[in-house]
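Peer 1: The following comprises the amino acid sequence and a computationally predicted model.
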Amino acid sequence: MSRTPQHNTLSVTGLMALVIGQLLPQIDFSIVNVALEVMGQSLHTNAAGLVLIVSLYGLSFAALITTGARLGNRYGRKKVFLIGVAGFCIASAVCGIATGLMSMLLGRWFQGVFAALLLPQILATIHATLEGEPHRRAVGIYTAVAGLAVVIGQVLGGWLVSANLWDLSWRVAFFINIPLCVLILLVGSRVIPETQAETAQPMDIGGICWFVSSLSLLLVPVTLGREWPYLWWLIIGVLPSAYLLWRFESAQEKSGRFPILPPSLFKKPLVVHGFISEATVTFTYPGYLFVTALCLQNAFGFSPRQSGNTFIALGMLFFLGSLLSKPLSNKLGDTTSYLIGALFTVVGFSITIMLIQNNPQELSYYQLWCGTGAVGLGNALMLTSAFRITLVSVDKQHAGEASSALVTIQQGCFALGTAFAGSVYAAMSSHGYSAITLTLALLSILLMSVGGINAWYTYRRAR
C-alpha cells in the first residue's frame, strides 16, 4: 500500500476526531465494569448475565476485527470508520434503553460489531496520511490514548453512574456515547481524508463463522452451565469445530487467499510462543477487572465511583509500563520483560486477595492502589512483550496477517477470560471472600505456568 498524496494529509482536527473514535470502544468495557452491580439490579440478572454482557461484546469484536480492517482497505477507511461510529451510536442507544437482559445483549453484540469496523481504520489512516515527525507524533498519541483508556473509562464511568444524571443511573454511561458519535460524524465527514489499499484482501466469511462457532461452544457452557447444566454438552463440539476451522483456513491459505488465522503462522514455534503469551495476558486481565469490581460492589458496598477510583493506579501504571516496555526489552530481552510483567501481575493479584481477606469490615479504594497498580504495570509489560515475541520471527510481508491474527486471539481470550473468572466467582460467591481468592489464585497459577514455559523455552533456545 502506498502513501496517499500530500493533499490528503491528516489535519490535527481530523486526528482528534479519530482519537475520540478510538476512545469509544476502548473505554466501553471499563464503563460497564464499574456499573455491573446497579445494572444487574435494574435488568434483574445474576452474575452469569453480567458475564454475558461483558463477554459478548468481546466475542463480536474478536470475530470481526480483521474483517473491519479489510473492509476499510477495500471500500475506504473513512467511509467504514463513519459507518462504524454511526452503528456504535445506535447500538449504544439500544443498550441505554434496554429493559431486560436480552435487549442489552443485542445492543452489546452490535457495539462489538461496529467497534470492530471503526477501530482498525484509525491507525491505518494515520499510517496512510502522515509521514516523518507528524506520523511519529500521531502514533504516540494513539498509543497514549490506548494506555489511558482504562483509567478514563473506570473513573468517568464511576462518576457518571454515581452522579445519576437526569435520574438515568447506569444508562447515562451508554447515552454519553451518542453526542460523541454525532460530533465525530459531523466533524469527521469533513476533515478525515479518504484512503484505501491499492490491493484489498478478500473477506474470510467461512473462517469467521468457524471461529465464532468454536469460541461460542466454549463461552456458552462456561457462562451458563451453572444455571443450565445440559449446556456443558456443547463443549463436546469444541474440538470438531476447531478442527474444521483449521481445515478451512488451511484450504484458504493454500488457494492464495488470506485467512483470519493463517495456519502457517502456527507452524513457527516462536510465533506460537507469542500467541500463547498474548492469550494468557488477555485471558487473565479482564477476568481480574471483572471479579474485583464485582466483589467490591457486592461484598464491600462500593459505589460505582469508588469502584472506578480503585483502578486509577492501574491505568496510570499501565501507561507507564507501555513507555518502559521497549527500553526494558532492549536491555533484557522480550521474554525476560514478559516474565517481569507476569511477576508484577501475580504480586498485584496477591495484594488484592490479601487486602480483601484482611479488611472484611472496612476497605478504601486507595488501599487497593498497590494491587491494581502492580497489575497495570505487569500487564503493560506482558502485552507489549508478547506482541514483539510474536512479530520478531515473522517476515515483513506477513506482519499484517500476524498482527491481525494476534488481535483476533487477544479479543477472543478477552471474552473467554471474563466468562471463566466470572463463572468461578459466581459458583463460589456463597463462600464470601473465598470466591475472589480462588478466582485470582487460579488466574495466578495460569500466569506462573505460562511464565515457567516461557523461561524454559528461552533456556532451550539459548542452548
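Peer 2: Looks like it came in fine.

Peer 1: Average pLDDT for the helix or strand containing Leu377, rounded please.
Peer 2: Secondary-structure assignment from DSSP states H and E places Leu377 in helix 369-391. For helix 369-391, the mean per-residue pLDDT is 87.

Peer 1: Show me what it is packed up against.
Peer 2: Other elements packing on helix 369-391 under the criterion 3 or more C-beta pairs under 8 Å, 6 or more residues apart in numbering; DSSP states H and E are helix 269-299, helix 312-332, helix 334-358, helix 399-428. Using the backbone N, CA and C atoms, a C-beta is placed for each residue, glycine as well.

Peer 1: Let's see that helix as CSV, backbone CA atoms only.
Peer 2: In CSV, the C-alpha atoms belonging to helix 369-391 read as follows (Å, rounded to 0.1, in the frame of the first residue of the first chain):
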residue,chain,number,x,y,z
TRP,A,369,-3.9,1.0,44.5
CYS,A,370,-0.8,-1.0,45.3
GLY,A,371,-2.5,-4.2,44.0
THR,A,372,-4.2,-2.6,41.0
GLY,A,373,-1.1,-0.6,40.1
ALA,A,374,1.1,-3.7,40.1
VAL,A,375,-1.4,-5.4,37.8
GLY,A,376,-1.5,-2.4,35.4
LEU,A,377,2.3,-2.3,35.2
GLY,A,378,2.6,-6.0,34.8
ASN,A,379,0.0,-6.3,32.1
ALA,A,380,1.6,-3.5,30.1
LEU,A,381,4.9,-5.2,30.1
MET,A,382,3.4,-8.6,29.2
LEU,A,383,1.1,-7.3,26.4
THR,A,384,3.8,-5.3,24.6
SER,A,385,6.4,-8.0,25.0
ALA,A,386,4.1,-10.7,23.7
PHE,A,387,3.5,-8.6,20.6
ARG,A,388,7.2,-8.3,19.9
ILE,A,389,7.8,-12.0,20.7
THR,A,390,5.2,-12.9,18.0
LEU,A,391,6.3,-10.5,15.3
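
Peer 1: Would you check the distance separating that helix from the middle of the chain?
Peer 2: Remark: helix 369-391 is offset 13 Å from the chain centroid, using C-alpha atoms, centre = their mean, to the nearest Å.

Peer 1: quick check: angle from it to helix 399-428?
Peer 2: Here the directions of helix 369-391 and helix 399-428 differ by 140 degrees (axes from the mean of the first three to the mean of the last three C-alpha atoms, to 10 degrees).

Peer 1: circling back: closest one to Pro25 among the helices and strands packed on helix 369-391?
Peer 2: helix 399-428 (10.5 Å; C-beta to C-beta).

Peer 1: Flag every buried residue along the closest one.
Peer 2: 400-428 (16 or more other C-beta atoms under 10 Å).

Peer 1: so what does that helix touch, helix or strand wise?
Peer 2: Using 3+ C-beta pairs under 8 Å, 6+ apart, helix 399-428 sits against helix 47-75, helix 205-224, helix 269-299, helix 369-391, helix 434-462.
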